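Novice: have a look at this prediction, sequence included:
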Amino acid sequence: MNLEKKKIDGMVDISSKKVTKRIARACCEISFKSSAFEKLVKGKSPKGDVLECARIAGVMAAKKTPDIIPMCHPLSLSKVAISFEINNVKKKVVILSEVSCQGKTGVEMEALTAASVAALTIYDMMKWADKTMIVSDLKLLYKSGGKSGIFRRKSK
């Protein structure tokens, strides 16, 4: 076998790409039955502060994304932020993540991972009150930086 001509698959080579500021925003939702949602909003979980724990889990997940997504490049993240929108009418929490860095590749996977793990943490901490919770609508909202420029999801 001629190893010099053999194609070797793996991570994409980003060594020739330019360093630019990369930003990505993602969101995810978790829906509850009414009684569990009220317990969440009133801070009645026996496991502690659910949203603050979910925020920390989301930040940690963004930092560990290359450890769980096989072809993700390790990045030096400059910012990971997680916020929550409480929707009292629909009994759901919308998790928003924002990740940025100065780098050669985007941070979309880190933002998506952060939002999803924050939602899973809420699920874990509230499953005592509601096993019917639904995690849904994980999506990239925005990304900038790099050759492909800006992506902005159009609202419905």
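Specialist: Looks like it came in fine.

Novice: helices of this structure, start to end?
Specialist: With DSSP state H as the criterion, the chain has helices at 34-41, 50-68, 108-126.

Novice: average pLDDT for the second one?
Specialist: Okay, so that is helix 50-68. The average of the pLDDT scores along helix 50-68 is 98.

Novice: list the helices and strands it packs on?
Specialist: The contact analysis (3 or more Cβ pairs under 8 Å, 6 or more residues apart in numbering; DSSP states H and E) places helix 50-68 against strand 77-87, strand 92-103, helix 108-126. Every C-beta, even on glycine, is put in place using the N, C-alpha and C of the backbone.

Novice: run the angle between the last one and helix 34-41 for me.
Specialist: Going back to what we said before, that points to helix 108-126. Computed by axes from the mean of the first three to the mean of the last three Cα atoms, to 10 degrees, the angle separating helix 108-126 from helix 34-41 equals 110 degrees.

Novice: about what we covered before: can the helices and strands packed on helix 50-68 go into JSON lines with extra columns for mean pLDDT?
Specialist: Output for the helices and strands packed on helix 50-68, formatted as JSON lines (pLDDT from 0 to 100):
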{"stretch": "strand 77-87", "mean pLDDT": "98"}
{"stretch": "strand 92-103", "mean pLDDT": "97"}
{"stretch": "helix 108-126", "mean pLDDT": "98"}
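
Novice: most packed of those?
Specialist: Ranked by mean neighbour count, the helices and strands packed on helix 50-68 are led by helix 108-126 with a mean of 24 (mean count of other Cβ atoms under 10 Å).
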